[in-house]
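Colleague: predicted coordinates and the sequence they were generated for:
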Amino acid sequence: MDIISYVLEGALEHQDSIGNGNVIRPGEVQRMSAGTGIQHSEFNASKIEPVHFLQIWIVPNRTGLPPSYEQKAFPVEERRGQLRLVAAPDGRGGAVTLHQDALLYIANLDAGARVTHAIARGRGVWLQVARGIAALNGTELREGDGAAVEDETALVIAGETETELLLFDLG
């Protein structure tokens, strides 16, 4: 598995058997590939503050990969009002590297802000609303809602409130 962790609030501590030990904070994306084997744990880095995070598991496009780890920061300024690529097969644009034909974008939208995402033929999209309320092609989605989209050429996503979202463009 390629395991992506994204912290919304608080701090998540990671430790693994290949020597990584890091704290993941809001705006950071961690990608760990379990590959041929790794032991790992994630836990709240604070004794008093809660942690709220999303963890996404993606099946890699091949077996036998060695275990690996990446963690990168994507400041809110890079995500405000736009879709910021944070994970891609080739790691382009400073994104973490995935072992699958998948692109992960994160956006923070102010109320009234809009972004558009073109969808190439044969691809699908999963949109996850992490915070706030958004309209996806006119359909309201609230915090925690997700939507699968196929057979569309573009998505228009509007923040109805301050919104944080994850968009997966999948081959």
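Modeller: On my side now, so go ahead.
Colleague: and the lowest mean pLDDT element among the helices and strands of the chain?
Modeller: Lowest by mean pLDDT, DSSP states H and E among the helices and strands of the chain is strand 40-44, with a mean of 82.
Colleague: can you list the domain ranges for this protein.
Modeller: 1-73, 75-171 (automatic domain parsing).
Colleague: any idea which of those domains scores lowest on pLDDT?
Modeller: Of all the domains of the chain, mean pLDDT reaches its minimum on domain 1-73 (a mean of 90).
Colleague: report the contact partners of the nearest residue to Ala11 once chain neighbours are set aside.
Modeller: Of all residues not flanking Ala11 in the chain, Ala45 sits nearest, at 3.8 Å (C-beta to C-beta, 6 or more residues apart in numbering). (C-beta placed from N, C-alpha, C; glycine too.) Counting by C-beta atoms under 8 Å, 6 or more residues apart in numbering, Ala45 touches Gly10, Ala11, Leu12, Glu13, Val23, Val51.
Colleague: show me those that map onto strands.
Modeller: Those of those mapping onto strands are Leu12, Glu13, Val23, per DSSP state E.
Colleague: buried residues in stretch 55-67?
Modeller: Buried positions in stretch 55-67, judged by neighbour count with 16 or more other C-beta atoms under 10 Å: Ile56, Ile58, Pro67.
Colleague: the second one touches Met32, doesn't it?
Modeller: No: using C-beta atoms under 8 Å, Ile58 and Met32 do not qualify as a contacting pair, with a distance of 11.2 Å.
Colleague: who touches both of those two?
Modeller: Joint contacts of Ile58 and Met32 (C-beta under 8 Å, 6+ apart) are Asp2, Ile3.
Colleague: same list (the contacts of Ala45) but as JSON lines, adding distance to Leu170 and neighbour count.
Modeller: Below are the contacts of Ala45 laid out as JSON lines (distance: C-beta to C-beta, whole Å; neighbours: other C-beta atoms under 10 Å):
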{"residue": "Gly10", "distance to Leu170": "29", "neighbour count": "16"}
{"residue": "Ala11", "distance to Leu170": "29", "neighbour count": "16"}
{"residue": "Leu12", "distance to Leu170": "25", "neighbour count": "23"}
{"residue": "Glu13", "distance to Leu170": "30", "neighbour count": "15"}
{"residue": "Val23", "distance to Leu170": "30", "neighbour count": "14"}
{"residue": "Val51", "distance to Leu170": "27", "neighbour count": "19"}
